[in-house]
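Visitor: structure of the sequence below:
(chains A and B)
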Amino acid sequence: MVEWTEQERSIINGIFANLDYDDVGAKALCRCLIVYPWTQRYFGAFGNLYNAEAIKTNPNIAAHGVKILHGLDRAVKNMDNIKATYAELSVLHSEKLHVDPDNFKLLSDCLTIVIAARLGSSFTPETQAAWQKFLAVVVSALGRQYH
Amino acid sequence: MSLTEKDKTAVKTLWGKISKSADAIGADALGRMLSVYPQTKTYFSHWSDLSYGSGPVKAHGKKVMSGVALAVSKIDDLTAGLQDLSELHAFQHVSNFHRNKILSHCIMVVIATLFPKDFTPEAHVATDKFLSCLALALSEKYR
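Guide: Modelled structure (predicted):
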């Protein structure tokens, strides 16, 4: 089981309490598709992904980014049992969506960059450490049910 | 994944905007790396103080960024341009190739916090590629 300090819980809850889901979710997924273009393979049905501009203005991508970010809410509410919380989602990503779990880390890095850009100087090293620890636990849980 | 002309232009444009803050970026990135990824401290055990903002960390952060500046100026042939630095890092067994990604990530996080409007997705992909190529050129002499 993952051990969280009070400070880490407070940092994670604080970030999510003040999060603009519509903006951050959309930006994080767009950034992932632009910075790591091979991730576009999972979004064939989403419409025009031909270039950065198209990706940034694609409403399906924006909506999906928001959906993904809200998916993290479950982890925030169940920080002491993220592995079990995401068991079903892990199966979904493996069996139905066929997503290479390596890509979870890529999206999480893009989300970190977007959060860092929004928080600026308040994205201190302590905040970064807690945030990245949280995302690492989520990424691990999502990859857990692959076989 | 080699750098296209578009990548090189994007890197140089971004560098033009951030280079004045290079020392601060280096100090912050290195300090973050040591505290967020404690396993990297193993490479600096000879320093008196590994805490964020310490003298040795700031001084080395500055050196790291002058290495980045050199790389920007030698962007058309990073392997040749960074040869001396590669030998330095290799023969002193200074680092492990796989750790370069960690420092690259920290550098980009710092740029994002300081220059949110300039670190667009397009600038991000070019910078990510550039830092990967830099790391590869730096590790040329590792084995």
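
Visitor: can you give me the helices for chain B?
Guide: In chain B, the helices defined using DSSP state H lie at B:5-18, B:22-36, B:55-73, B:78-81, B:83-91, B:100-114, B:121-138.

Visitor: show me what the shortest one is packed against.
Guide: Just to be clear, that refers to helix B:78-81. Applying 3 or more Cβ pairs under 8 Å, 6 or more residues apart in numbering or on different chains; DSSP states H and E, we find helix B:78-81 packed against helix B:55-73, helix B:121-138. Where you see a C-beta, it was placed from the backbone N, CA and C, and this is true even at glycine.

Visitor: show me which residues of chain B sit near chain A.
Guide: Residues of chain B lying close to chain A by Cβ under 8 Å from any Cβ of the partner chain are B:31-32, B:35-36, B:52, B:105, B:108-109, B:112-114, B:116, B:119, B:121-122, B:124-125, B:128.

Visitor: what pLDDT does residue 11 get?
Guide: Since no chain was named, I'll use chain A. Per-residue confidence at A:Ile11 stands at 98 (pLDDT).

Visitor: meant chain B, my bad for not saying
Guide: B:Val11 carries a pLDDT value of 98.

Visitor: ok, it touching B:Ala126?
Guide: Yes - in terms of Cβ atoms under 8 Å, B:Val11 counts as a neighbour of B:Ala126; the distance is 5.2 Å.

Visitor: for those two, list the residues in contact with both.
Guide: The contact sets of B:Val11 and B:Ala126 overlap at B:Leu3 (Cβ atoms under 8 Å, 6 or more residues apart in numbering or on different chains).

Visitor: endpoints of stretch A:10-30, how far apart?
Guide: Its start and end residues considered, stretch A:10-30 measures 28 Å (Cα to Cα, to the nearest Å).

Visitor: repeat that for stretch B:68-84.
Guide: With Cα to Cα as the measure, the first residue of stretch B:68-84 is 14 Å from its last.

Visitor: quick check: which element contains the residue most central in space within chain A?
Guide: Centroid-nearest residue in chain A: A:Ser108, 4.7 Å away (criterion: Cα atoms, centre = their mean). Assessed by DSSP states H and E, A:Ser108 sits inside helix A:102-119.

Visitor: mind giving me the packing neighbours of whatever helix or strand comes next after that helix?
Guide: Downstream of helix A:102-119, the next assigned helix or strand under DSSP H and E is helix A:125-143. Packing partners of helix A:125-143 (3+ Cβ pairs under 8 Å, 6+ apart): helix A:6-17, helix A:59-77, helix A:82-85, helix A:87-91, helix A:102-119, helix B:22-36.

Visitor: could I get those helices as a markdown table with distance to A:Lys27?
Guide: Below are the helices and strands packed on helix A:125-143 laid out as a markdown table (distance: least, Cβ to Cβ, whole Å):
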| stretch | distance to A:Lys27 |
| --- | --- |
| helix A:6-17 | 15 |
| helix A:59-77 | 7 |
| helix A:82-85 | 24 |
| helix A:87-91 | 22 |
| helix A:102-119 | 5 |
| helix B:22-36 | 22 |
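
Visitor: please consider this matter closed, and thank you.
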